Structure formats: C-alpha cells, structure tokens
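**Q** Make a model of this:
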Amino acid sequence: MLKPNKYGGDVGLVKEREGLVLRWYRDSLGKWTGGYGHLRKPGEESLTITPALAEKWLSEDIRIARDAAKRQFDVLPIQTENLLDTLVSVNFQLGTAWTAIHKKTWALMVAGKYPEAAQEAKNSIWYTQTPVRVEDLSYALYEAHRLGAEYDAL
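**A** Sure thing, here's the model as predicted:
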C-alpha cells in the first residue's frame, strides 16, 4: 500500500491548500468564503467563524468532495491513494462538476493518458488562478503513471 500524501491524506491536503480564515472574504471568483474554503450559504452571513465551526463545515464539505472523488476514481484505469486524495482536493476546490468544465483533462485521465492530462491541466485557466493546485494534480497523475508502468513491467 502506498503512503498517504505528505499532508496526511485528503483532509490534510485540503487544509494545507485552503488555509484557515476566521472571517468572510471573497475568493478569486468573488464568492464569499470562510473557514477552510467554505462557500457561504444563505443564512450564514451573520455567523462568526470559529475554529470549531470551520472544522464542522470542513467535515460536511469534504464529505461531498470525497463522494464525488470516489465516483471519479472508480473509472480511472490507474489508481493510487495519492491520486484519490488529490481528486478530493480538486472536487473541494472546483466543485464536483469540474469534469464538465475541464473536459479534455478528464477525458485524458479516463483514457489513462495521465501525462497528457497533467499537461492539459497546466494549459487551463485553473493553472493561471491556482498553479499549486494544478501541480498537485499533475504530480499525482505522473506518480500514478510511473507506478502503473512499473507494475506493467513486472
């Protein structure tokens, strides 16, 4: 079994990439956000964001991202724990419909063309907005590709 990513799995990766902000702020798309990248919902405007509330939101939000990531992961030809953790982070950041937005990247992933998918992700507006997040996916894809090739060589 592979070791989890250096951040301690999907929650650790999301926390590292999102950071904790104990106030409402506008994200790069102008959406009101707080805690660990939680998108504000109607009725939350007046809430004071505490560490406990941020953790509660993270637990709820990551469950949604994890469920979507697992469905996506199931159709991928080469699977690693790091790739699954990274898919959770991608779904957390971009939303669970990201595969409909980044169609070429997703199609290449499903086809097992992981290096090409990594390059396609780097050619996207997503990369210009948050390159570190795209680098996370790119690394996970290259790692899975390498491990798949090693397995095939056995």
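
**Q** So what are the sheet partners of the strand ranked longest in the chain and their directions?
**A** With DSSP state E setting the assignment, residue counts place strand 21-26 as the longest strand in the chain. On the basis of DSSP bridges, the sheet neighbours of strand 21-26 come out as strand 32-35 (antiparallel).

**Q** Packing partners of the next helix or strand after the partner strand?
**A** Downstream of strand 32-35, the first helix or strand assigned by DSSP states H and E is strand 38-39. Contact analysis of strand 38-39 by 3 or more C-beta pairs under 8 Å, 6 or more residues apart in numbering; DSSP states H and E lists helix 51-73 as its packing neighbours. Heads up, the C-betas are built off the backbone N, CA and C, glycines and all.

**Q** how far does the longest strand of the chain sit from the chain's center?
**A** Strand 21-26 sits 20 Å away from the centroid of its parent chain (C-alpha atoms, centre = their mean, to the nearest Å).

**Q** Give me the residues contacting that strand.
**A** Applying C-beta atoms under 8 Å, 6 or more residues apart in numbering, the external contacts of strand 21-26 come out as 32-35, 40, 45, 49-51, 54.

**Q** want to throw those residues into TSV with neighbour count?
**A** Putting the contacts of strand 21-26 into TSV (neighbours: other C-beta atoms under 10 Å) gives the following:
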residue	neighbour count
32	14
33	19
34	22
35	25
40	18
45	9
49	18
50	11
51	10
54	20
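
**Q** Just send the residues you listed back as TSV, with distance to residue 151 and pLDDT too.
**A** TSV is the format used below for those (distance: C-beta to C-beta, whole Å; pLDDT from 0 to 100):
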residue	distance to residue 151	pLDDT
32	45	97
33	40	97
34	43	98
35	39	98
40	44	97
45	51	95
49	45	98
50	46	98
51	42	98
54	40	98
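
**Q** Just give me the closest of those residues to residue 142.
**A** residue 33 (30.0 Å; C-beta to C-beta).

**Q** residues in contact with the closest one?
**A** Per C-beta under 8 Å, 6+ apart, neighbours of residue 33: 21, 24-27, 39-40.

**Q** That one bridge partners, please.
**A** Per DSSP bridges, the residues bridged to residue 33 are residue 25, residue 39.
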